[in-house]
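Engineer: Pasting a predicted model and its sequence here:
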There are 2 protein chains.
Amino acid sequence: MATIYQVSKKAGVSLATVSRVVNNNPKVSENTRLKVLKAMQELGYRPNATAQSLASNRSNSIGIVVSELEGPFFGPMMCEIEANFRSANKHVIIAPGNSDELQEKSAIDFLISRNCDALILYVDAVSDDYLAELAKGDTPIVLINRQVSSIADRCINLDNEQGGYLATKALLDLGHQHIAYIAGPQWKVDARSRFDGHCRALKEAGIEFDSSLFYEGDYHESSGSEGMLYLHKTGRPFSAVVCGNDQMASGAMSAARDCGLRLPEDLSVVGFDDALFARYMHPKLTTVVNPVKEFGAQAAKWVLANVYDKSKVETQTVFEPELRIRDSVQPR
Amino acid sequence: MATIYQVSKKAGVSLATVSRVVNNNPKVSENTRLKVLKAMQELGYRPNATAQSLASNRSNSIGIVVSELEGPFFGPMMCEIEANFRSANKHVIIAPGNSDELQEKSAIDFLISRNCDALILYVDAVSDDYLAELAKGDTPIVLINRQVSSIADRCINLDNEQGGYLATKALLDLGHQHIAYIAGPQWKVDARSRFDGHCRALKEAGIEFDSSLFYEGDYHESSGSEGMLYLHKTGRPFSAVVCGNDQMASGAMSAARDCGLRLPEDLSVVGFDDALFARYMHPKLTTVVNPVKEFGAQAAKWVLANVYDKSKVETQTVFEPELRIRDSVQPR
DNA sequence: CTGTTAGCGCTTTCAG
DNA sequence: CTGAAAGCGCTAACAG
């Protein structure tokens, strides 16, 4: 691979000049610029990003950590972030945290050590204190789906509690009285908040929470199935179930059918997230919209403005959930 | 951020010694190792990967380019690759190619300029020649879902033609005569091969391919729906449809129902890939298994062996498809 | 076992 | 507008 030195040699200019044309520095005469460009062309020169990064302390790349690389949730988010940066000629480096404290920290360390200009984090396991501390470091961070008060302006969030409330409220309004709940992992704040919303709706309707109608899953399809099987087996009657996310709803619906239930006649189901596949399910899933793409777009926007342009731009930090009613619910 | 120099100062040793303990060089006395470790601890030192990479010409990171960041296909693949490398203390840098020649090239350039030790590529748009040329460069590459003869040992593939054959054959065996086909983009080799397999099965059964029973989609759900709508509108009767992948099958099934068809009574459907959601659909989708995770595992294995351990290890390069029969098909 | 000394390829003052 | 020179933080011979 050709180096900047070889290019300068070939073009008969100094190394600094080559650097200038690479960086589009305006104060280079058109003449020499052309000479340099030609030399670069002929040598097939491409700057070594590592060296640039070391010398300039700027990498033009943004680190992203997500809980998972797979699944219908993070894909669109990463995609949106990437698209926003691509048009600004920045690159993303993605690392999975796997909802594990050590792995999340190691992902963050890796990205920092790689000289990322900023970090966009969707993390579950690390503490607020850790994040607050991290925010004091040299690398700017923005948080998705977390609320850390000391850096509230860089926390992008959905009102999950309200979302959970809406989901259950919709069922209540349709006359359902016995509503089961298949929750996400309760140590995660979002899962917890959604469940809190469910309880609020119940309470408001004067219905007492029945713990035998509750199952804690892990946000994946299979646990939705397990949850449904479990609930069905208890024998406790219920005419509707709300799930902590769409994936579990999908698993639950599949299992419900295996149990001989007709959907939505025998059982109404509501999910959470409005993943792409929700509208292709049968029956089409009623769910709470989680604007993941917007999260990504806002996060990217914040970084572009504050880190690269150094302009202060207002970003929306909290989003309101919205219920998307489709065919998976029916009046009682 | 503390540098290696500050650590050496604090520990009262030379800079080289610190480097040695960072790199687990065995020839450091236990005593000084402890001193250095302590100093590192106190300063919260973490090596600057960029500098390490520049100095050693080794980054311990592997570049991956995938067609898309979202969707049920690439997620599990990235995940598997990442998991394999994680345990070896290597990191992955993921970049999307978006099935666009320029973007794929720019993703590759980016990864190379970032000093990746190897590249794992799932690309559609760049030419075989380009890849063959690339393979001659300094950065080792392994290809998934491509066949480039000059580097056949690093091409990991599914026999897509055979997969397409199996899908249609299954339907034929069930007595279906009029089989529609919703294809992936025909400029992609995999989509093309699957369709070729379909044609072979038809031919073998003495059935002539009917072009009015063909629709070319783009591998996404929405185009599956569009395809079904289109086929339904032509009025040409068909009792089964095979789709280029599971996502289009999902879209097609949804649209079929919107057209008033019962599944699988009125229409049998078979997909391709065996994505996770296929088994949660209703009816559960019959499909051809595409061992994406295996692809990822093999690719990672190749890199670990050939790039890092410098040991030659046999990797499986071509996988045989397998039909997974579920509930979405029925005898005619 | 440990220290010295060149770089890795590029950016960035500072002069001119 | 252009060149010289000093690093960025770390690794890797080479001595000792």
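Structural biologist: Yes, it's here.

Engineer: can you give me the helices for chain A?
Structural biologist: Taking DSSP state H, the helices of chain A run over residues A:4-11, A:15-22, A:30-43, A:49-56, A:74-86, A:101-113, A:128-135, A:160-173, A:189-204, A:221-234, A:246-258, A:292-303.

Engineer: residues near the residue found closest to A:Thr168 once you drop the neighbours it is linked to in the chain, how many?
Structural biologist: Sequence neighbours aside, A:Ala201 is the residue nearest to A:Thr168 in space, at 3.8 Å (criterion: CB to CB, 6 or more residues apart in numbering or on different chains). The C-beta positions use only the backbone N, C-alpha and C, and glycine is treated the same way. Using other CB atoms under 10 Å in any protein chain shown, A:Ala201 has 22 neighbouring residues.

Engineer: before we move on, what about A:Ser29?
Structural biologist: Neighbour tally, A:Ser29, other CB under 10 Å: 9.

Engineer: and the angle for the helix or strand bottoming out on mean pLDDT in chain A with helix B:101-113?
Structural biologist: None of the helices or strands of chain A scores lower by mean pLDDT, DSSP states H and E than strand A:91-96, at a mean of 88. Between strand A:91-96 and helix B:101-113, the angle comes out at 70 degrees (axes from the mean of the first three to the mean of the last three CA atoms, to 10 degrees).

Engineer: Return the residues in contact with the closest residue to A:Gly217 other than its chain neighbours.
Structural biologist: Of all residues not flanking A:Gly217 in the chain, A:Ser223 sits nearest, at 3.2 Å (CB to CB, 6+ apart). Listed by CB atoms under 8 Å, 6 or more residues apart in numbering or on different chains, the contact set of A:Ser223 reads A:182, A:217, A:248, A:251.

Engineer: quick revisit: the residue nearest to A:Thr168 against A:Asp173, yeah?
Structural biologist: No - under the criterion of CB atoms under 8 Å, A:Ala201 is not in contact with A:Asp173, lying 9.7 Å apart.

Engineer: can you count the residues close to whatever residue of the stretch 201-332 of chain A ends up closest to DNA strand D?
Structural biologist: The minimum distance from the stretch 201-332 of chain A to DNA strand D, using CB to the nearest atom of the strand, falls at A:Val307 (18.4 Å). Applying other CB under 10 Å, we find 16 residues neighbouring A:Val307.

Engineer: Redo the helices of chain A as JSON lines? Include mean pLDDT.
Structural biologist: Shown next, in JSON lines, are the helices of chain A (pLDDT from 0 to 100):
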{"stretch": "helix A:4-11", "mean pLDDT": "93"}
{"stretch": "helix A:15-22", "mean pLDDT": "94"}
{"stretch": "helix A:30-43", "mean pLDDT": "93"}
{"stretch": "helix A:49-56", "mean pLDDT": "93"}
{"stretch": "helix A:74-86", "mean pLDDT": "92"}
{"stretch": "helix A:101-113", "mean pLDDT": "92"}
{"stretch": "helix A:128-135", "mean pLDDT": "95"}
{"stretch": "helix A:160-173", "mean pLDDT": "98"}
{"stretch": "helix A:189-204", "mean pLDDT": "98"}
{"stretch": "helix A:221-234", "mean pLDDT": "97"}
{"stretch": "helix A:246-258", "mean pLDDT": "98"}
{"stretch": "helix A:292-303", "mean pLDDT": "95"}
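
Engineer: So which of those is nearest B:Pro237?
Structural biologist: Minimum separation from B:Pro237 across the helices of chain A (CB to CB) falls at helix A:246-258, 29.0 Å.

Engineer: check contacts around the residue nearest to A:Gln103 when sequence neighbours are not counted.
Structural biologist: Spatially, and ignoring its direct neighbours in sequence, A:Gln103 is nearest to A:Gly97 (5.4 Å; CB to CB, 6+ apart). Under the criterion of CB under 8 Å, 6+ apart, the neighbours of A:Gly97 are A:65-67, A:103-104, A:107, A:122-125.

Engineer: Look up how far DNA strand D lies from A:Gly97.
Structural biologist: 24 Å (CB to the nearest atom of the strand, to the nearest Å).

Engineer: ok, that residue to A:Ser106 distance?
Structural biologist: In this structure, A:Gly97 and A:Ser106 are 9 Å apart, going by CB to CB, to the nearest Å.

Engineer: cool, A:Lys293 as well?
Structural biologist: Taking CB to CB, one finds A:Lys293 at 28 Å from A:Ser106.

Engineer: now do A:Ser56
Structural biologist: Applying CB to CB to A:Ser56 and A:Ser106 gives a distance of 26 Å.

Engineer: Those two: who's more crowded?
Structural biologist: A:Ser106 (17 against 11).

Engineer: tally of neighbours for the nearest residue in space to A:Gly164 that is not next to it in sequence?
Structural biologist: Closest residue to A:Gly164 apart from its sequence neighbours, by CB to CB, 6+ apart: A:Gly197 at 2.6 Å. Look at A:Gly197: counted by other CB under 10 Å, it has 25 neighbours.
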